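Engineer: coordinates only, sequence not included:
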């Protein structure tokens, strides 16, 4: 007796979904990334961070493995640490911190 194959549930992330994304984090194995939504759901995707940065150009790459939605940042008081709306904290890399510092001086 043959068993029926169940179709996998898939979700497509559209460029219009960017306001619902809190961050995109690299999982350590190329090219898997975790996309965290503001509703609390996480999604594992198989695209590089460079690809995501090209799609969501307003996101900030604060270190080698994290893209952050700037509209979801609630605090940069502990600079170089960024706190997001889901209480997740990420650190700026030294290079990104230097770029941010120079950018703030030019304003």
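Structural biologist: Looks like it came in fine. Small disclaimer: the values here were computed from a predicted structure and weren't measured.

Engineer: all strands of the chain, in order?
Structural biologist: 21-26, 32-37, 42-46, 60-63, 66-68, 73-75, 81-84, 89-91 (DSSP state E).

Engineer: Out of the ones you listed, which is closest to residue 14?
Structural biologist: Comparing the strands of the chain against residue 14 with C-beta to C-beta, the closest turns out to be strand 21-26 (10.8 Å). Glycine gets a C-beta too; all of them are placed from N, C-alpha and C.

Engineer: Remind me what that closest one packs against, helices and strands.
Structural biologist: Packing partners of strand 21-26 (3 or more C-beta pairs under 8 Å, 6 or more residues apart in numbering; DSSP states H and E): strand 32-37, helix 49-55, strand 66-68.

Engineer: pLDDT below threshold where in this protein?
Structural biologist: 1-11, 15, 77-78, 100-107 (pLDDT under 70).

Engineer: 90 instead, please
Structural biologist: 1-19, 28-31, 40, 45-48, 51, 55-57, 60, 73, 75-83, 92-107 (pLDDT under 90).

Engineer: before we move on, the earlier item: which one of the helices and strands packed on strand 21-26 lies nearest to residue 94?
Structural biologist: Here strand 66-68 is closest among the helices and strands packed on strand 21-26 (C-beta to C-beta), at 14.4 Å.

Engineer: can you put the strands of the chain in TSV and add distance to residue 13 and mean neighbour count?
Structural biologist: Output for the strands of the chain, formatted as TSV (distance: least, C-beta to C-beta, whole Å; neighbours: other C-beta atoms under 10 Å):
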stretch	distance to residue 13	mean neighbour count
strand 21-26	8	21
strand 32-37	7	18
strand 42-46	7	11
strand 60-63	18	19
strand 66-68	13	22
strand 73-75	20	14
strand 81-84	18	18
strand 89-91	20	15
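
Engineer: Adding distance to residue 91, write the helices and strands packed on strand 21-26 out as a markdown table.
Structural biologist: Shown next, in a markdown table, are the helices and strands packed on strand 21-26 (distance: least, C-beta to C-beta, whole Å):
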| stretch | distance to residue 91 |
| --- | --- |
| strand 32-37 | 17 |
| helix 49-55 | 16 |
| strand 66-68 | 9 |
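
Engineer: Please name the bridge partners of the residue positioned nearest the centre of the chain.
Structural biologist: Most central in the chain under C-alpha atoms, centre = their mean is residue 24, positioned 2.0 Å from the mean C-alpha point. Note on residue 24: beta-bridge partners by DSSP bridges are residue 35, residue 67.
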